[in-house]
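Peer 1: below: sequence and its predicted model.
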Amino acid sequence: MFKDILLAVDVEDAGSWKKPVEVATEYARAFNSNLHIMTVVPDFGMSIVSSYFPADYEKKMVEKTTEMLHKFVKEHVSDDIHVQHIVGLGSIYEEILRVSEEISSDLIIMGTHRPKMQDYLLGPNAARVTRHAACSVMVVRD
């Protein structure tokens, strides 16, 4: 039913992945799916902000995040599941949607938290992904 599952996590926030990684690995095992696990290094949005950082800061952030993602997968996903590691750079929800289309995912799984007041004004990433994804989205509450 699901050939390619995209699991979006924040490796530094257990609340974003604790339950979703369990669900994603169960689904991947049940459907013999490819599990694409991604995390996103957010950009700073404004070039004036990024001008205060060293020229190669994005490259170093992506390299460090890639190491963290590989360690995360090793610790939380069993070897019998085929995993692709993906690190995005930019807007979190835009990167999730871009990668989902790029890999033709059948299902996106991501965690969410109970929204705070500012989430209603800005819109949480899970809500944005759910509204704009071309495939099914499973939002797992913490």
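Peer 2: Yep, that arrived.
Peer 1: C-alpha only now, for contacts and for neighbours.
Peer 2: OK.
Peer 1: and stretch 83-92, which residues are buried?
Peer 2: Residues 83, 86, 87, 88, 89, 92 are the ones in stretch 83-92 that count as buried (16 or more other Cα atoms under 10 Å).
Peer 1: will you turn those into JSON lines that also has secondary structure and distance to residue 73?
Peer 2: Below are the buried residues of stretch 83-92 laid out as JSON lines (DSSP: H, G, I helix; E, B strand; the rest coil; distance: Cα to Cα, whole Å):
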{"residue": "83", "secondary structure": "strand", "distance to residue 73": "8"}
{"residue": "86", "secondary structure": "strand", "distance to residue 73": "11"}
{"residue": "87", "secondary structure": "strand", "distance to residue 73": "13"}
{"residue": "88", "secondary structure": "strand", "distance to residue 73": "16"}
{"residue": "89", "secondary structure": "strand", "distance to residue 73": "19"}
{"residue": "92", "secondary structure": "helix", "distance to residue 73": "20"}
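Peer 1: mind listing the strands for this protein?
Peer 2: Ranges of strands in the chain, per DSSP state E, are 4-8, 34-41, 83-89, 107-112, 136-141.
Peer 1: just those: most buried one?
Peer 2: Mean neighbour count (mean count of other Cα atoms under 10 Å) peaks for strand 4-8 among these, with a mean of 26.
Peer 1: ok, that strand: who's next to it in the sheet?
Peer 2: Strand 4-8 has the following strand partners under DSSP bridges: strand 34-41 (parallel), strand 107-112 (parallel).
Peer 1: so what's the model's average confidence on that strand?
Peer 2: For strand 4-8, mean pLDDT rounds to 97.
Peer 1: give me the angle between that strand and strand 83-89.
Peer 2: 50 degrees (axes from the mean of the first three to the mean of the last three Cα atoms, to 10 degrees).
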